[in-house]
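K.L.:
fold the following for me, if possible:
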Amino acid sequence: MKLFYIGVLKNEKPSPAVELCAEKDLSTFGRFTRGGASEFMTFFSKKVAESTGAGQRQDVEEQSYTIHAFGRSEGVAGIIISDHDYPPLVAHQLLSKVVDEFLSRNPRSSWSTTTADCQLPFPELKDYIVKYQDPHQADSILKIQKELDETKIVLHKTIESVLERGEKIDSLVAKSDGLSSQSKMFYTQAKKQNSCCILM
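P.N.:
Predicted coordinates:
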């Protein structure tokens with residue numbers, strides 16, 4: 001999972017979109033391809049912003065990238081470019097946060113006449129592009145799900161390791177002091193019932 005671009009663009013129709021501030025992570029691109037990758041991100045961010053209406057959210061796939069967009073009625077659009085594996089829920093949570101913070105720090109008067117790309121400072125984008133590289137750290141729901149999945153894996157490994165040592169569940173049940181005689185009888189009866197119905 002990878003984030004490549006986070007930006008806020010002026011998106012006032014019919015004028016073309018203008019990149020007000022942006023942060024890019026080009027570390028996965030080769031030295032000679034970084035310039036082209038950067039231009040690609042700016043170009044597609046503008047095109048997707050122009051096609052995103054106020055109050056609209058959309059995800060656009062282009063080659064191995066997903067462009068997440070969020071249009072606001074204030075005349076701006078937030079754009080994130082990620083790979084296809086990056087969770088859209090996390091991308092859109094981040095877009096909401098970025099656009100809200102941008103608008104609270106930059107009144108419309110500071111950017112409404114802007115016609116050149118990347119003129120407004122918004123240093124928080126550097127922190128966000130680093131922090132949100134791992135969506136499990138940024139999104140508490142994904143973090144909890146990951147912990148649950150890891151717990152399931154540990155449980156499966158524990159049961160498999162017991163069985164690998166050659167112990168049978170029957171002998172474990174018979175030896176167990178933690179099971180009442182009624183529980184042991186239930187296990188035995190259930191096993192007998194299930195064994196009568198073998199399909200051939």
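
K.L.:
show me what the mean pLDDT comes to for stretch 80-94.
P.N.:
The predicted model gives stretch 80-94 an average pLDDT of 89.

K.L.:
how about the helices in this structure?
P.N.:
Per DSSP state H, the chain carries helices over the ranges 34-50, 88-105, 108-111, 124-131, 135-138, 140-164, 169-175, 181-195.

K.L.:
quick one, domains of the chain?
P.N.:
3-133, 143-195 (automatic domain parsing).

K.L.:
out of these, which one sits most buried?
P.N.:
domain 3-133 (a mean of 17; mean count of other CB atoms under 10 Å). All C-beta spots, glycine's among them, are computed from the backbone N, C-alpha and C.

K.L.:
bridging residues for the closest residue to residue 98 other than its chain neighbours?
P.N.:
Nearest residue to residue 98, sequence neighbours excluded (CB to CB, 6 or more residues apart in numbering): residue 78, at 5.3 Å. Residue 78 has these beta-bridge partners by DSSP bridges: residue 8, residue 70.

K.L.:
got the contact list for residue 78?
P.N.:
6, 7, 8, 9, 69, 70, 72, 95, 96, 98, 99, 102 (CB atoms under 8 Å, 6 or more residues apart in numbering).

K.L.:
out of the residues you listed, who's nearest residue 59?
P.N.:
residue 69 (7.6 Å; CB to CB).

K.L.:
I figured the closest one hits residue 57, correct?
P.N.:
Yes - if you go by CB atoms under 8 Å, residue 69 and residue 57 touch, sitting 6.8 Å apart.

K.L.:
okay, and the common contacts of these two?
P.N.:
In contact with both residue 69 and residue 57: residue 95, using CB under 8 Å, 6+ apart.

K.L.:
could you list the low-pLDDT ranges of this structure?
P.N.:
114, 137-200 (pLDDT under 70).

K.L.:
swap in 80 and give it another go.
P.N.:
Applying pLDDT under 80 to the chain flags the ranges 110-119, 135-200.

K.L.:
distance-wise, check residue 26 relative to residue 113.
P.N.:
Residue 26 sits 30 Å away from residue 113, going by CB to CB, to the nearest Å.

K.L.:
spatially nearest residue to residue 96 (excluding sequence neighbours)?
P.N.:
Using CB to CB, 6+ apart, the nearest residue to residue 96 is residue 70, at 6.6 Å.

K.L.:
show me the contacts for the one you found.
P.N.:
52, 56, 57, 77, 78, 92, 95, 96, 99.

K.L.:
circling back: how about the contacts of residue 78 in a markdown table, adding distance to residue 32?
P.N.:
Compiled in a markdown table, the contacts of residue 78 are given as follows (distance: CB to CB, whole Å):
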| residue | distance to residue 32 |
| --- | --- |
| 6 | 24 |
| 7 | 23 |
| 8 | 29 |
| 9 | 27 |
| 69 | 29 |
| 70 | 33 |
| 72 | 37 |
| 95 | 31 |
| 96 | 36 |
| 98 | 30 |
| 99 | 34 |
| 102 | 32 |
